[in-house]
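Asks: need a structure here:
(2 chains)
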Amino acid sequence: MKHLLSIDDLSTDDIHQLFETAADMHDVQRREVKKLPALRGRTVVNMFFEDSTRTRSSFEIAGKWLSADVINVSAKGSSASKGESLRDTVLTVCAMGVDGLVIRHPASGAAVQVSEWVDAAVVNAGDGMHEHPTQALLDAYTLQRHLGSLEGRHVAIIGDLTHSRVFRSNVQCLTRLGARVTVVAPPTLMPSGIVAWSAAAGFETSYDVDAVLPDADAVMMLRVQRERMSGAFFPSAREYTVGYGLTRNRLALLKPDVPICHPGPMNRGLEIAADAADAAQSVVLEQVSSGLAIRMAVLYHLLAGSPEGGIA
Amino acid sequence: MPAPDEASPGPTTERADRTVLDARDISRALTRISHELLERNKGATDLVLLGLHTRGVPLARRIAEKIATVEGAPVAVGELDVTMYRDDLRSQPTRRAHRTALPTAGIDGKVVVLVDDVLFSGRTIRAALDALADLGRPSAVRLAVLVDRGHRQLPIRADHVGKNLPSALAERVSVRLAEIDGTDEVTIS
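Replies: Numbers count the residues shown, from 1 in each chain, chains lettered A, B, ... in the order given. Take a look at the predicted model:
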């Protein structure tokens, strides 16, 4: 494998192999010297055409802990803001001898397009409403650490499905690992064509949070992405919270110790109440440290070996 | 983790294998190494055995058991993976990293004994020394190997050797251990 553009690029064995490597990388985080020489002499560029704190920092630290030279390019302050095309920006950066390109772009399919232009290994760090594969991997890795195995476990994904690339990647990743997935959203935030997709991909859909929560082994809340909403998808924030938020009352519906995930950033009081975000079973911060381990594993597998190497 | 050319259990080849150490020989060699370590270190105090993946790990555990039997007290054992520190990382397909686990007390100020199955080019041990430098500062580092087959490419030598086995470069030395391979033997082919 040369690029990581979609969860579809990975076989089940690849995912398990990444998890095993991530577990080793997790150990490195506990060391006094958090540095491995695996990517010494390699250059990774993080190109972020959308705002991001955790994903960009996570990729930056992951690259640096593997001893790669890492630079960050953001749309603001780069030639992109002067009107340069994505292709020209990417080709210019890659002409500097870049080995890996981590790209986030508001357009769905941007990462795939970029991978066709350059020789460098491309990692999709989120493209529009399409995919966010490393987020899905870190979510599944975090849940696997809590649940042992995802085989047969019931994961509820709740929230703004229409605008969520995290949900699209997660459904693929979790079902591939044997989990039973139910996605829950108000009808206005349910993607069009989801009935056919859910039948083909083997997940369930529901509009009723209260019916799904008692049976869930893990809960994944999604951010309401107001910045992507062009129209009114729900009457008011209050109404969304009452219908679909993980409130204090809904917390009581969960089985004990059911892990609660959120890819962040969280809209506290909207899709997730502070009681749930700060609950003992909340794994939100653990997702962040798992994310670092997963991104180290991804960069290692894409960039450390010979060009013929990488994940099988 | 030994390089493919360094320890070489691998698939059975068509060449005839000649057994150079059987289970009893291996046990005797490890007993001798255990006593040498104790004598050199004047006891097991501050001794840490670090097995190199893959077959160094069970060897380190066996030596620790023998030392514990002699001394009547447990000795610290850990495992060290040197995959990320190999100088051929770039020229091979990606290898899976293994676990590095240090004793709770760490390795600072301790006498660390690296334990591996075969000493060949010395590149695994060079990588292990780099890995150790990232993990702490031992007061001394020693090297114990079950088999030294020669052909060093770096100025590295073992302090404790189970068997010196002069071999041709083309020959293949295979170490099999009960914990991993179901049997104890060292063969050359």
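
Asks: name the element residue B:62 belongs to?
Replies: Using DSSP states H and E, residue B:62 sits within helix B:56-71.

Asks: tell me which strands and helices whichever helix in chain B runs longest is in contact with?
Replies: Across chain B, the longest stretch assigned as helix under DSSP state H is helix B:23-41. Contact analysis of helix B:23-41 by 3 or more CB pairs under 8 Å, 6 or more residues apart in numbering or on different chains; DSSP states H and E lists helix B:56-71, strand B:140-148, strand B:160-164, strand B:185-188 as its packing neighbours. For every residue, glycine as well, the C-beta is placed using N, CA and C.

Asks: following the first one, which helix or strand comes up?
Replies: Stepping forward along the backbone from helix B:56-71, the first helix or strand reached (DSSP H and E) is strand B:76-80.

Asks: quick one: that next one to helix B:56-71, angle?
Replies: Interaxial angle, strand B:76-80 versus helix B:56-71 (axes from the mean of the first three to the mean of the last three CA atoms, to 10 degrees): 170 degrees.

Asks: And the contacts of strand B:76-80?
Replies: For strand B:76-80, contacts defined as CB atoms under 8 Å, 6 or more residues apart in numbering or on different chains pick out B:47-53, B:56-57, B:60-61, B:64, B:98-103, B:105, B:107, B:110, B:114, B:128, B:131-132.

Asks: just stretch A:193-202 next, same as before
Replies: Residues outside stretch A:193-202 that contact it (CB under 8 Å, 6+ apart): A:161, A:171, A:172, A:175, A:183, A:191, A:204, A:205.

Asks: In strands, which of these fall?
Replies: Among those, DSSP state E puts A:183, A:204, A:205 in strands.

Asks: Enumerate every residue touching the closest residue to the first one other than its chain neighbours.
Replies: Once its chain neighbours are removed from consideration, residue A:183 has its nearest residue in residue A:157; the separation is 4.8 Å (CB to CB, 6 or more residues apart in numbering or on different chains). For residue A:157, the contact set (CB under 8 Å, 6+ apart) comprises A:167, A:170, A:171, A:181, A:182, A:183, A:184, A:220, A:222.

Asks: returning to what we had before: who wins for proximity to chain A among the helices and strands packed on helix B:23-41?
Replies: helix B:56-71 (14.5 Å; CB to the nearest CB).

Asks: For the closest one, buried residues please.
Replies: In terms of neighbour count (16 or more other CB atoms under 10 Å in any protein chain shown), helix B:56-71 has its buried residues at B:56, B:57, B:58, B:59, B:60, B:61, B:62, B:63, B:64, B:66, B:67.

Asks: pLDDT weak spots in the stretch 51-200 of chain A?
Replies: For the stretch 51-200 of chain A, no stretch has pLDDT under 70.

Asks: Do you have the helices of it handy? List them.
Replies: A:54-65, A:86-94, A:110-117, A:133-147, A:165-176, A:194-201 (DSSP state H, counting those that start in this stretch).

Asks: what inclination does the longest one have with respect to helix A:54-65?
Replies: Compare the direction of helix A:133-147 with that of helix A:54-65 by the same axes, to 10 degrees and you get 80 degrees.

Asks: How far away from the center of its chain is helix A:133-147?
Replies: Its chain's average C-alpha position is 9 Å from that of helix A:133-147, according to CA atoms, centre = their mean, to the nearest Å.

Asks: how big is the angle separating that helix from helix A:110-117?
Replies: In terms of direction (the same axes, to 10 degrees), helix A:133-147 departs from helix A:110-117 by 120 degrees.

Asks: for the fifth one, same thing?
Replies: Using the same axes, to 10 degrees, the interaxial angle of helix A:165-176 with respect to helix A:110-117 works out to 80 degrees.

Asks: which other residues reach helix A:165-176?
Replies: A:6-8, A:10, A:12, A:15, A:108, A:126-133, A:135-137, A:139-140, A:143, A:150, A:155, A:157, A:159, A:161, A:181, A:183, A:201-203, A:220, A:222, A:263.

Asks: which ones are touching the residue in the stretch 101-250 of chain A positioned nearest to chain B?
Replies: Per CB to the nearest CB, residue A:121 is where the stretch 101-250 of chain A lies closest to chain B, at 11.8 Å. Each residue near residue A:121 by CB under 8 Å, 6+ apart is listed here: A:2, A:3, A:4, A:99, A:100, A:101, A:302, A:303.

Asks: ok so, going back, just checking: which of the buried residues of helix B:56-71 also lie near chain A?
Replies: Among those, none lies close to chain A by the criterion of CB under 8 Å from any CB of the partner chain.

Asks: and the gap between the most centrally placed residue in chain B and residue A:253?
Replies: Taking CA atoms, centre = their mean, the centroid of chain B lies closest to residue B:116, which sits 0.8 Å from it. Separation of residue B:116 from residue A:253 (CB to CB, to the nearest Å) stands at 55 Å.

Asks: Need the pLDDT of residue A:243.
Replies: pLDDT recorded at residue A:243 is 89.

Asks: where does it land in three-state SS?
Replies: For residue A:243, the assignment made with DSSP: H, G, I helix; E, B strand; the rest coil gives helix.

Asks: And residue A:275, by the same measure?
Replies: Here residue A:275 is recorded as helix under three-state DSSP.

Asks: hang on, the earlier thing: CSV for the helices of the stretch 51-200 of chain A, including mean neighbour count?
Replies: As requested, those are exported to CSV (neighbours: other CB atoms under 10 Å in any protein chain shown):
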stretch, mean neighbour count
helix A:54-65, 21
helix A:86-94, 17
helix A:110-117, 19
helix A:133-147, 24
helix A:165-176, 24
helix A:194-201, 13
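
Asks: Enumerate every residue touching the closest residue to residue B:43 other than its chain neighbours.
Replies: If the residues on either side of it in the chain are set aside, residue B:43 comes closest to residue B:71, at 6.8 Å by CB to CB, 6+ apart. Residue B:71 makes contact with B:38, B:43, B:44, according to CB under 8 Å, 6+ apart.
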